[in-house]
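>>> only geometry, no sequence info:
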C-alpha cells in the first residue's frame, strides 16, 4: 500500500511558477511509475505528465510541454512537478498517482492516488 500526499498548490498570476510535490509512504517508491493528473471544474480528469521508475523516461500532455517538468527523487520518496509560464487554463486540482508496470498516460491504470492540491492561475 502506498499513500501519496501532494503539496505546493496555490494562487499565482499568469506567467508565474509553482512547484508541486508528492510525498509517498513506504519503501517501494522506486518501483512505481508516477504521474500527475488534473481536473478542472466541470471537466474530466486529464493526464499531465508521468515519469518512469528511475526517472529516465518522461511523458507530457502536449499543452504543457516546454512549460512543465516532472522529476523524482527516489531517496526522498518524492515526485515533483515544476510548472512555469502558468496560464489560467492550467487552473485545476492536481493529483499525483502511482502504478506498477509500464509508464502509461491512462489514469484508469494508476492504482494509488493522492488527495489533490488546488492550483489557481489568475489572469
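Cool, the structure landed. Nothing here was measured: the structure is a model prediction, and the numbers come from that model. Numbering: from 1, shown residues only.

>>> What are the buried residues along stretch 101-121?
105, 107, 110, 112-114, 116-117, 119, 121 (16 or more other CB atoms under 10 Å). In short, each C-beta sits where N, CA and C put it, glycine included.

>>> chain center to that stretch, what's the gap?
The gap between where stretch 101-121 is centred and where its chain is centred comes out at 6 Å by CA atoms, centre = their mean, to the nearest Å.

>>> go on, stretch 112-123?
With CA atoms, centre = their mean as the basis, stretch 112-123 stands 9 Å off its chain's centre.

>>> switch to numbering from 29
Shifting the count to begin at 29 puts that one at stretch 140-151.

>>> tell me the mean pLDDT over it?
Taken as a whole, stretch 140-151 has an average pLDDT of 97.

>>> and what of stretch 109-126?
Confidence over stretch 109-126 (mean pLDDT, whole number) is 98.

>>> what does stretch 59-68 give?
Averaging pLDDT along stretch 59-68 yields 98.

>>> ok, back up a step: kindly reformat the buried residues of stretch 129-149 as TSV containing secondary structure and distance to residue 119.
Below are the buried residues of stretch 129-149 laid out as TSV (DSSP: H, G, I helix; E, B strand; the rest coil; distance: CB to CB, whole Å):
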residue	secondary structure	distance to residue 119
133	coil	21
135	helix	19
138	coil	22
140	strand	25
141	strand	20
142	coil	18
144	coil	13
145	strand	12
147	strand	6
149	strand	5
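
>>> Between all of these, which two are separated the most?
When CB to CB is used, the two most widely separated members of the buried residues of stretch 129-149 are 140 and 149, lying 26.9 Å apart.
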